[in-house]
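# give me a 3D structure for the following:
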Amino acid sequence: MPKPEKHVFVCVQNREPDHPRPSCSQKNCAEIAEEFYWNLQQRQLFEKIQVTTTSCLGPCSEGPSILIYPEGIMYGDVNKKDVAVIFDEHLQNDRPVERLIVSREFW
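Numbering: from 1, shown residues only. Okay, here's the model as predicted:
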């Protein structure tokens, strides 16, 4: 497998409902991860983009959290419709989706 140009990390952290910190699983992160995999498959970008699920990325209150490298851009409050926009704008055209970038307070 060639080295990807972009690497997408999708938080799928799951915490108990009574845990003091929220988690991305409480905000449908598994659905977001599946949407990233579906878009990757549909667009046949396996040689350019890698998608990996991960545990906590940090800004739990801002989830579902997505981190994209090599830029180191963190997106928050991502929904299923946003995934296609992230592919179209950021992953394929190198234009980060400004409205989804978490504030400097978190990342």
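
# list the contacts of the closest residue to Glu31 other than its chain neighbours.
Sequence neighbours aside, Lys80 is the residue nearest to Glu31 in space, at 6.2 Å (criterion: CB to CB, 6 or more residues apart in numbering). Yep, even glycine has a C-beta here, placed from its N, CA and C like the rest. Lys80 sits next to Glu31, Ile32, Glu35 when contact means CB atoms under 8 Å, 6 or more residues apart in numbering.

# now do Glu35
If you count contacts by CB under 8 Å, 6+ apart, Glu35 has them with Lys80, Val83, Ala84.

# turn these into a markdown table, including secondary structure, pLDDT and distance to Gln92.
Shown next, in a markdown table, are the contacts of Glu35 (DSSP: H, G, I helix; E, B strand; the rest coil; pLDDT from 0 to 100; distance: CB to CB, whole Å):
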| residue | secondary structure | pLDDT | distance to Gln92 |
| --- | --- | --- | --- |
| Lys80 | helix | 96 | 18 |
| Val83 | helix | 98 | 13 |
| Ala84 | helix | 98 | 11 |
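
# kindly reformat those as a markdown table containing distance to Gln26.
Formatted as a markdown table, the contacts of Glu35 follow (distance: CB to CB, whole Å):
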| residue | distance to Gln26 |
| --- | --- |
| Lys80 | 16 |
| Val83 | 19 |
| Ala84 | 23 |
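
# out of those, which one sits closest to Leu40?
Nearest to Leu40 out of the contacts of Glu35 is Val83 (CB to CB; 9.8 Å).

# residues contacting the closest one?
By CB under 8 Å, 6+ apart, the contact list for Val83 reads Ile32, Glu35, Phe36, Asn39.

# in which helix or strand would I find the residue nearest to it when sequence neighbours are not counted?
The shortest distance from Val83 to any non-neighbouring residue, by CB to CB, 6+ apart, is to Glu35 (4.2 Å). Here Glu35 sits within helix 29-43, counting by DSSP states H and E.

# now for the next helix or strand after that helix, which elements pack on it?
Next helix or strand after helix 29-43 toward the C-terminus (DSSP H and E): strand 49-54. Applying 3 or more CB pairs under 8 Å, 6 or more residues apart in numbering; DSSP states H and E, one finds that strand 49-54 contacts strand 6-11, helix 29-43.
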